[in-house]
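Enquirer: let's see this in three dimensions:
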Amino acid sequence: MMTFYLRLALLPMILLTAVLLVIRSQPYDDYELRELLLPTGCPAPCFMGIQPEVTTVDEAVKLLEASGWAKDIKHEGFFITWVWSGTQPTIINTQQLC
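Expert: This is a model prediction of the structure:
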């Protein structure tokens, strides 16, 4: 009777192992995320070409306007706020507020 239960448990274990191996063998494509956070010509940390303590507020506003991803850009002092225009990459989660 014990061998029956061992054989019965072996089949789901083999199937689960096969599924996990297939999932793990898939390459991870993070091209969009890398392009967003590490664009060419902009050393990290960098977001849309904006670097902390390097890019001025006026330059950051110009970069946001030029990207086409942001609208209703407002800046007061050192703070910049904007609304996503809908043309931003899908990797950007517009539902989550910081």
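
Enquirer: for the rest of this, base every contact and every neighbour count on C-alpha atoms.
Expert: Noted.

Enquirer: what's the span of stretch 47-61, first residue to last?
Expert: With CA to CA, to the nearest Å applied, stretch 47-61 spans 13 Å between its terminal residues.

Enquirer: now tell me what touches stretch 85-98 from outside.
Expert: Applying CA atoms under 8 Å, 6 or more residues apart in numbering, the contact partners of stretch 85-98 are Glu32, Leu33, Gly68, Trp69, Ala70, Lys71, Trp84.

Enquirer: hmm, 6 Å instead?
Expert: Trp69, Ala70, Lys71 (CA atoms under 6 Å, 6 or more residues apart in numbering).

Enquirer: which among these count as buried?
Expert: Trp69, Ala70 (16 or more other CA atoms under 10 Å).

Enquirer: so, low pLDDT: which residues of this structure?
Expert: 96-98 (pLDDT under 70).

Enquirer: double-check that Lys74 belongs to a strand.
Expert: Yes. With DSSP: H, G, I helix; E, B strand; the rest coil as the criterion, Lys74 is located in a strand.
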